[in-house]
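**Q** what follows is a predicted protein model with its sequence.
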Amino acid sequence: MNPFFKNFGPFSLKQILTFLNLSISLPSSVENILIKDVKDLSSASTNELTFFHNKNYEKLASTTKASCCITLENLAKYLPNTCEPIIVDNVLLSIAEITKKFYPTSVTDDFDSNVVEIEKTSFKDNVFYGRNIFIGKNVQIGKNCKIGHNSIIESNVIIGDDCTIGSNVILRNSLIKNNVSILDGAIIGKKGFGFFPNKDKNIRYPHIGIVIIDDNCEIGCGATIDRGSMSNTVIGKNTYIDNQVHIAHNNKIGENCIVAGQVGFAGSSSLGNNVMIGGQAGISGHLKIGDNVQIGGGSGVLDDLKDNSKVMGYPATSIRNFLKEKKSILDLLKRKK
């Protein structure tokens, strides 16, 4: 999760029920359990809280190690006996409210007023940099790094060795490993597009994850990568992201992937290794894309894809089916003439 945000817990389960305005009678041995953190189903462990809002996560729910889980009445049966269900009407809204209690500083992304000119930091002696560079608090920069003009490394960023940060780049809440190149205009580590629509005022939910970019990656000009909400956004080793690609919160992109320009990822999907995606394709949220998958340019992926799939079109289908459908349409048009 995010090593940068301060955790204001623990809270007792009784306190958590109070935060949610719930009147649930629990044995004292249960309601006095101290909950130390809030995490997703796969990451949570003993004395931690998780959430379960969709039957698609039934398998993860059945094996979670969390002590308690915010969920719906019809989903509680999938939880193990070691996990105490907390039944609510709106799981995502409830987990957002509790996460704010643990991490109250994770909701807003105001500009970092603590930044200073790089010339006033120790980095001036070991970083090759351009003009008008600002550095925030809790920043680490490795050996042989370069930073272009007008870039801002906001608070809570770790940059490894041999990295190049272009001009007009903004980094925040990110772990950048070794030999990574981030080109001009990229924005990495800001909060994602996560909120609950409300007719009076939309409600933002916290983003307590970070962005992790592994070794030997390249991030293109104008790319945007959101930090995770309840888990991290991860870019695997040797993956190249082209210009103007958007990667939403919680996505996990594997190793050796190639993503062409203007591809858009909705949240919480995972890509395997060696995936290739053509320009302007769209990947819906909460999908699992296997290894060695190829996705044609302009495609809209709405469903999971197995290893070695080759798809194209909207909605994306196998290239063989896509070509058949295209031929059928062309034949029909010819007959009408």
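**A** Sure thing, it's come through. Small disclaimer: the values here were computed from a predicted structure and weren't measured.

**Q** list the contacts of the residue nearest to R131 when sequence neighbours are not counted.
**A** If the residues on either side of it in the chain are set aside, R131 comes closest to H149, at 5.0 Å by Cβ to Cβ, 6 or more residues apart in numbering. Heads up, the C-betas are built off the backbone N, CA and C, glycines and all. Applying Cβ atoms under 8 Å, 6 or more residues apart in numbering, we find H149 in contact with 130-133, 167-168.

**Q** save those as CSV, and put in pLDDT, distance to S231 and secondary structure too.
**A** Below are the contacts of H149 laid out as CSV (pLDDT from 0 to 100; distance: Cβ to Cβ, whole Å; DSSP: H, G, I helix; E, B strand; the rest coil):
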residue, pLDDT, distance to S231, secondary structure
G130, 97, 34, coil
R131, 97, 37, coil
N132, 97, 34, coil
I133, 97, 31, coil
S167, 98, 31, coil
N168, 98, 29, coil
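
**Q** quick one, what contacts the closest residue to N156 other than its chain neighbours?
**A** Residue nearest to N156 in three dimensions, not counting chain neighbours: F4, with 3.6 Å by Cβ to Cβ, 6+ apart. For F4, the contact set (Cβ under 8 Å, 6+ apart) comprises 138, 155-156, 173, 210.

**Q** picking up where we left off before, out of the contacts of H149, which is most surrounded?
**A** The most neighbours of any of the contacts of H149, using other Cβ atoms under 10 Å, belong to I133, which has 25 neighbours.

**Q** may I have the lowest-mean-pLDDT helix or strand in the chain exported as PDB, CA atoms only?
**A** Counting by mean pLDDT, DSSP states H and E, the chain has its least confident helix or strand at helix 28-31, which shows a mean of 78. Output in PDB follows, covering the C-alpha atoms of helix 28-31 (Å, rounded to 0.1, in the frame of the first residue of the first chain):
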ATOM      1  CA  SER A  28     -17.800  -7.900  23.300                       C
ATOM      2  CA  SER A  29     -14.900 -10.100  22.300                       C
ATOM      3  CA  VAL A  30     -15.600  -9.200  18.700                       C
ATOM      4  CA  GLU A  31     -16.600  -5.500  19.000                       C
END
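
**Q** mind checking how far it is from the chain centre?
**A** 34 Å (Cα atoms, centre = their mean, to the nearest Å).

**Q** distance between the following helix or strand past it and the chain's centre?
**A** Downstream of helix 28-31, the first helix or strand assigned by DSSP states H and E is strand 34-35. Averaging C-alpha positions (Cα atoms, centre = their mean) puts strand 34-35 26 Å from its chain's average.

**Q** and whatever helix or strand comes next after strand 34-35, which strands flank it?
**A** Once strand 34-35 ends, the next helix or strand along the chain (criterion: DSSP H and E) is strand 37-38. Partners of strand 37-38 in the sheet, by DSSP bridges, are strand 48-52 (parallel).

**Q** what lies in contact with the strand it pairs with?
**A** 16, 35-41, 44, 61, 64, 66-72, 75, 78-79, 83, 91-92, 94-95, 98, 230.
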